[in-house]
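In: From the sequence below, what's the structure:
(one chain, ligands or ions: 3)
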Amino acid sequence: MGTKGRKIVGEGVDKIIEKLNKALADEWLAYYQYWVGAKVVKGPLRGPVSAELNEHAGEELGHAEKLAERIIVLGGTPLLNPQDWFKMTNCDYEAPQDSCAYTILEQNIKGEQCAIEFYNSLLAELKDKDAVTYNLILEILEDEIEHEEDLENLKEDIEKMKK
Ligand code: FE
Ligand code: FE
Ligand code: MG
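Out: Numbers count the residues shown, from 1 in each chain. Ligands and ions are numbered 1, 2, ... in the order given. You can find the predicted model right below:
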């Protein structure tokens, strides 16, 4: 980005870059959790659950892409080493040890709820500081809210089948 484009962000730019790198770590971990979950999932509704997990994996990768691009524009460096994902993550990673569709949904719902909280508080920090990053995070937050809803709907479907 040009010097003026960076300058309007002001003094907090390093802190913003760090937060974006934390989000980047979360997105990569979320991507893999969905991706591998879609492969191993078993039990009721495995087909639709696997399809939804795969779709979300792709969307999390898209978030990582947007975050990395913004980090670079702000003059930062996106995390270069996957080991840093675990050092920087807010929302952590939950391995789908139990391949039951219901359990995997619960794990991913937890991840989405963490992401929603993180992005929502990041928006509050960015407000009046960096309109462009604010917009980007708002777009991502909208996706995470949709993800949570999709997963909760599938979880509800499984619960209804059991009755
Ligand atoms: Fe995401
Ligand atoms: Fe998500
Ligand atoms: Mg979806």
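
In: out of all of them, which helix in the chain is the longest?
Out: Of all segments of type helix in the chain, defined using DSSP state H, the longest is helix 131-162.

In: what's the average pLDDT for the helix or strand hosting residue 52?
Out: Of the helices and strands defined by DSSP states H and E, residue 52 is found in helix 46-73. Taken as a whole, helix 46-73 has a mean pLDDT of 98.

In: Let me know whether it sits next to ligand 1.
Out: Yes - contact between helix 46-73 and ligand 1, assessed by C-beta under 5 Å from the ion, occurs at 60, 63. To be clear about C-beta, it is placed using only N, CA and C from the backbone, and glycine gets the same treatment.

In: Centre of the chain to that helix, how far?
Out: Once both centres are worked out by C-alpha atoms, centre = their mean, to the nearest Å, helix 46-73 turns out to sit 7 Å from its chain's centre.

In: So for that helix, what gets flagged as buried?
Out: Across helix 46-73, burial judged by 16 or more other C-beta atoms under 10 Å covers 46, 49-50, 52-53, 56-57, 59-61, 63-64, 66-68, 70-71.

In: counting contacts, what elements does it pack onto?
Out: Applying 3 or more C-beta pairs under 8 Å, 6 or more residues apart in numbering; DSSP states H and E, we find helix 46-73 packed against helix 13-40, helix 101-126, helix 131-162.

In: As JSON lines, these with mean pLDDT and distance to residue 3 would be great.
Out: Compiled in JSON lines, those are given as follows (pLDDT from 0 to 100; distance: least, C-beta to C-beta, whole Å):
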{"stretch": "helix 13-40", "mean pLDDT": "97", "distance to residue 3": "12"}
{"stretch": "helix 101-126", "mean pLDDT": "97", "distance to residue 3": "21"}
{"stretch": "helix 131-162", "mean pLDDT": "97", "distance to residue 3": "15"}
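
In: could those be laid out in TSV, adding mean neighbour count and distance to residue 95?
Out: Putting these into TSV (neighbours: other C-beta atoms under 10 Å; distance: least, C-beta to C-beta, whole Å) gives the following:
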stretch	mean neighbour count	distance to residue 95
helix 13-40	20	8
helix 101-126	19	9
helix 131-162	16	17
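
In: Adding distance to residue 82, write those helices out as CSV.
Out: Shown next, in CSV, are those (distance: least, C-beta to C-beta, whole Å):
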stretch, distance to residue 82
helix 13-40, 7
helix 101-126, 18
helix 131-162, 21
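
In: in this structure, what residue is nearest ligand 1?
Out: Sorted by distance to ligand 1 under C-beta to the ion, the residues of the chain start with residue 63, at 3.8 Å.
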